[in-house]
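Trainee: below are the sequence and a predicted model for it; my questions follow.
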Amino acid sequence: MANKSWLLGLLGLAALFFGGCASTPSPRSYDVSIELDPSLATGSVQLDIIGANGASDLPKLQSYPVSDYWQPGDRLRRDSDKVVFQFGQGKPPVQVFAITDPIWKRWLNTGALYLVVLVDLPGAAPELEGNADPRRLILPLDSREWPNAGKGLQLRIQASGIRLLTPKKEK
């Protein structure tokens, strides 16, 4: 009887161990294709992509006012480890943040679990938190979230905000 209890206990620990492993995020890098909607082609649009870890970066970036982020001299923007894209006249309407960019390695080595995409769109917008603000898009880097990301992640910048074109895993 004692042997059975010991075996059941061991099986229970194994189930907890392997069950916990399945829920651990598996972040990876992606090609990120960014397309500017033709309606914005005559103006100037800037977009930043930031690799964020879940512990310290994400809460700050989720709640930070996007309008403040785009103000000249903003400290969060200045200090963020980011990739910057410029769109508009004379710039390509589709730009790619390549999987081979060295910043990916730096982000993943510092525990990045999310991409935070911020766009400076013309006109005033209400300040909302997280993805509720159309000028901010927070994307998980967990490979299990993107079963159809063989060609990378695809975004479109529209007058109404950032639109994700790559389907996420259905829950």
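Mentor: Arrived safely, thanks for sending.
Trainee: now do the contacts for Lys169.
Mentor: 144-147 (C-beta atoms under 8 Å, 6 or more residues apart in numbering). Every C-beta, even on glycine, is put in place using the N, C-alpha and C of the backbone.
Trainee: let's go with 10 Å and repeat that
Mentor: Shown in contact with Lys169 (C-beta atoms under 10 Å, 6 or more residues apart in numbering): 140, 142-149.
Trainee: can you select the buried ones among those for me in PyMOL?
Mentor: Selecting only the buried entries of the contacts of Lys169 in PyMOL, with 16 or more other C-beta atoms under 10 Å as the criterion:
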select buried, resi 140+145+146+149
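Trainee: just the contacts of Lys169: which are in strands?
Mentor: Pro140 (DSSP state E).
Trainee: rebuild the contacts of Lys169 as JSON lines, extending it with pLDDT.
Mentor: Formatted as JSON lines, these follow (pLDDT from 0 to 100):
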{"residue": "Pro140", "pLDDT": "96"}
{"residue": "Asp142", "pLDDT": "95"}
{"residue": "Ser143", "pLDDT": "92"}
{"residue": "Arg144", "pLDDT": "93"}
{"residue": "Glu145", "pLDDT": "93"}
{"residue": "Trp146", "pLDDT": "92"}
{"residue": "Pro147", "pLDDT": "87"}
{"residue": "Asn148", "pLDDT": "80"}
{"residue": "Ala149", "pLDDT": "79"}
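Trainee: mind listing the helices for this protein?
Mentor: In the chain, the segments counted as helices under DSSP state H are 2-23, 57-63, 66-69, 75-79, 102-109.
Trainee: now do stretch 107-125, average pLDDT.
Mentor: Confidence for stretch 107-125, expressed as mean pLDDT, is 94.
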